[in-house]
Structure formats: C-alpha cells, structure tokens
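Chemist: I'll drop the sequence and a predicted model, then ask my questions.
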Amino acid sequence: MPGSPTARRRRLSIELKRLREQSALTCAQVGQALDWSGSKVNRMETGSGRVQPSDIDALCRFYGTGDELREFLKSLARQAKVRGWWQVHGTGVPEWFNIYIGLEQDAATFRQYQCEVIPGLMQTEAYACELHKTGAHLSAEDIGRAVRVRMERQAMLARPDAPDAWFIVSEGALRHVVGDPGVMREQLERVLDAGELATTTLQVLPFDSGTRPVTGSFTMLGFPAPEDPDIVYRDGITDAVYLEGEHHVREYTRAFDGLRAAALSPQRSVQLIKSVLKEYAK
C-alpha cells in the first residue's frame with residue numbers, strides 16, 4: 001500500500017475512477033443512483049474532497065465489488081486522513097506543496113531539471129534560508145519552518161530504499177550567487193557530496209549546450225505500484241501544476257532525455273562544479 005497520506009489519497013482516487021469507468025457511467029449517473037451530486041463523485045475521484053468509509057461502502061455496493069477490494073479502499077480512505085510529518089510545520093509549507101511532498105516521499109524514481117537554483121534536495125540550510133527570504137514575504141518563524149522541512153526531505157536520498165534519483169542542473173544555477181560566496185562554497189560542496197550517494201546521478205547542463213526544448217524547471221516522479229501512474233510536477237510562486245496524462249509524461253520524458261544527452265557526464269560535471277567552487281574560494 002502507498003506509504004504517505006497523499007499517496008493513499010491519490011491511489012484511492014485512481015481506484016474509484018477506474019471502478020466508475022469500468023461500469024461505463026458518468027459522475028452524474030453515479031451521483032443520481034446514490035442520491036449524491038455528480039460533483040461529489042468527481043471530488044472523490046480527483047482527491048479534492050474527503051472520502052468517508054461509509055461512502056466507500058455505498059460505492060462498492062453499487063459497483064458490485066468484492067469484500068477484499070472494499071476493505072482495501074476503506075483502509076485507504078481512513079489512512080488518507082493521517083497528517084504527514086511535514087504538515088506539522090503549518091504555514092511554513094503551502095498547501096499546494098504539501099501535496100508534492102507526500103508524493104515525493106513515496107517515489108521510486110525521481111527525475112529533476114533545475115535551471116535557476118540548486119535542487120531543494122541538495123540545498124544547505126543557509127542557501128535555502130536565503131531563497132525563502134526573497135520569495136513569499138514569510139515571517140522569520142515561517143522561514144525557519146520551511147527550511148526545516150526542506151532539510152528533513154533530504155533524508156529520502158540516503159534511505160536504504162532511496163529512490164533512483166537523477167538531477168540535471170544548469171550551469172547558471174551553480175554561478176547564480178545566493179547569499180554570498182561563503183554560502184555558495186558550502187552549497188557546492190554539498191552538491192558534490194549528494195552526487196556521490198549510491199542511488200543519485202548528477203549532471204550539469206553547460207552554457208554551451210545549445211538550445212533545448214524546455215521552458216523551465218520540472219520534476220518527474222515514478223511510483224513502485226504499476227497502478228500509480230508517473231506524475232510531472234511544476235511549481236510557481238503561488239501554485240503548482242500536476243500532470244499525469246500519458247501525453248504529458250511522454251513529452252517530459254523526451255525532454256529530460258534530451259537534457260541528459262546534452263549535459264556533461266557525471267564525471268565531467270564534477271570537474272565543472274569543482275572549477276566553479278574554486279572561483280568562490282577567491
């Protein structure tokens with residue numbers, strides 16, 4: 001069973017939608033049969049509304065599912081209400097990012113391209129603090145909470161069951177000074193350390209790599225269960241976009257493969273990072 005509450009909620013939504021589509025019914029038709037609104041059924045299938053175990057009982061009777069599946073879905077519904085460890089930090093973490101962290105915690109594969117800043121899973125506390133100071137006008141307390149969550153998230157790369165992680169970082173992110181040269185020295189040393197982790201691959205996309213068909217940073221998450229489709233994540237200042245369709249995943253996979261081919265090898269990437277690190281030591 002998926003581990004985080006977010007992953008359970010997503011899996012539940014996928015299963016409920018699958019059951020309805022197998023019955024060749026619309027949300028409105030299911031809602032009418034159960035004396036619900038069609039929008040309630042839609043919210044249950046998109047994860048935007050809470051699903052009660054009693055709702056699962058009603059749906060499973062209507063769809064004619066077996067006892068084992070019904071109990072599995074009810075268990076997902078109950079456990080989806082549990083708060084994740086990152087949610088105790090309150091307003092330091094926006095709601096739309098809470099969703100991403102829950103998915104990230106359960107990923108089996110992780111592919112990320114960062115064109116402006118060092119990936120969050122590799123950031124030092126000082127670097128992350130400087131980034132949060134310039135963004136959403138957070139209080140000092142909320143900045144501290146946000147940075148703590150980012151530091152705790154990094155533990156996933158060193159877990160015994162760490163995801164297969166592949167990072168592509170633009171050379172511009174290495175040379176964009178956040179804070180001061182001291183912050184950058186510490187940060188690039190952390191990047192080098194992270195790149196040595198057993199399940200992590202790091203490449204740098206150099207300035208002279210040519211034009212690429214990518215308009216910004218993105219992350220692709222893959223999950224252990226075949227029933228849980230891959231997802232593409234892109235965020236902004238106030239919200240985020242989650243893309244799950246086969247077309248989106250295929251095109252972003254193609255883009256990532258192009259970036260991977262254009263980027264320096266992991267060995268040459270380390271050499272470039274070390275050369276930039278020397279510049280910050282002057």
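Modeler: It's in.
Chemist: Show the contacting residues for Leu73.
Modeler: 12, 15-16, 56, 59-60, 65 (C-beta atoms under 8 Å, 6 or more residues apart in numbering). Quick note: C-beta positions are derived from backbone N, CA and C, even for glycine.
Chemist: got it, and Ile168?
Modeler: Applying C-beta under 8 Å, 6+ apart, the residues near Ile168 are 112-114, 203-205, 256, 259-260, 263.
Chemist: These in strands, which ones?
Modeler: Within the contacts of Ile168, residues falling in strands by DSSP state E are 112-114, 203-205.
Chemist: Are any of those residues buried, and if so which?
Modeler: For the ones in strands among the contacts of Ile168, a burial check counting by 16 or more other C-beta atoms under 10 Å picks out 112-114, 203-205.
Chemist: TSV for the residues you listed, including distance to Pro224 and pLDDT?
Modeler: Converted to TSV, these look like this (distance: C-beta to C-beta, whole Å; pLDDT from 0 to 100):
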residue	distance to Pro224	pLDDT
Gln112	19	97
Tyr113	23	97
Gln114	25	96
Gln203	25	98
Val204	29	98
Leu205	29	96
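Chemist: Quick check: Tyr242 vs Asp67, distance?
Modeler: 33 Å (C-beta to C-beta, to the nearest Å).
Chemist: The two - which one has more neighbours?
Modeler: Tyr242 (17 against 8; other C-beta atoms under 10 Å).
Chemist: Neighbouring strands - and their directions - for the helix or strand that one falls within?
Modeler: Assessed by DSSP states H and E, Tyr242 sits inside strand 240-243. Applying DSSP bridges, strand 240-243 is found paired with strand 231-235 (antiparallel).
Chemist: Unless I'm misreading it, His248 sits right up against Tyr233, doesn't it?
Modeler: No: between His248 and Tyr233 there is no contact under C-beta atoms under 8 Å: 10.8 Å.
Chemist: more crowded one of these two?
Modeler: Neighbour count, other C-beta under 10 Å: between His248 and Tyr233, Tyr233 has more, with 20 against 16.
Chemist: ok, and the closest non-adjacent residue to the more buried one?
Modeler: In space, Tyr233 comes closest to Thr219 once its chain neighbours are excluded; the distance is 4.5 Å by C-beta to C-beta, 6 or more residues apart in numbering.
Chemist: So what are the sheet partners of the strand or helix carrying that neighbour and their directions?
Modeler: Taking DSSP H and E as the criterion, Thr219 maps to strand 218-222. If you go by DSSP bridges, strand 218-222 pairs up with strand 109-114 (antiparallel), strand 231-235 (antiparallel).
Chemist: Can you give the contact residues for it?
Modeler: 103-104, 107-113, 230-234, 249, 252-253, 255-256.
Chemist: 7 Å instead?
Modeler: Here strand 218-222 makes contact (C-beta atoms under 7 Å, 6 or more residues apart in numbering) with 103-104, 107-113, 230-234, 252-253, 256.
Chemist: CA-only coordinates of that strand in PDB, if you can.
Modeler: Presented in PDB, the C-alpha positions along strand 218-222 are these (Å, rounded to 0.1, in the frame of the first residue of the first chain):
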ATOM      1  CA  PHE A 218      10.400  20.400 -13.700                       C
ATOM      2  CA  THR A 219      10.300  17.100 -11.700                       C
ATOM      3  CA  MET A 220       9.100  13.700 -12.700                       C
ATOM      4  CA  LEU A 221       8.100  11.100 -10.100                       C
ATOM      5  CA  GLY A 222       7.600   7.400 -10.700                       C
END
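Chemist: ok now it, how far from the chain's centre?
Modeler: Put simply, strand 218-222 sits 6 Å off its chain's centre (C-alpha atoms, centre = their mean, to the nearest Å).
Chemist: And stretch 67-74, by the same measure?
Modeler: 28 Å.
Chemist: cool, stretch 163-171 as well?
Modeler: Relative to its parent chain, stretch 163-171 has a centroid offset of 13 Å by C-alpha atoms, centre = their mean.
Chemist: Repeat that for stretch 272-282.
Modeler: That offset, for stretch 272-282, works out to 30 Å (C-alpha atoms, centre = their mean).
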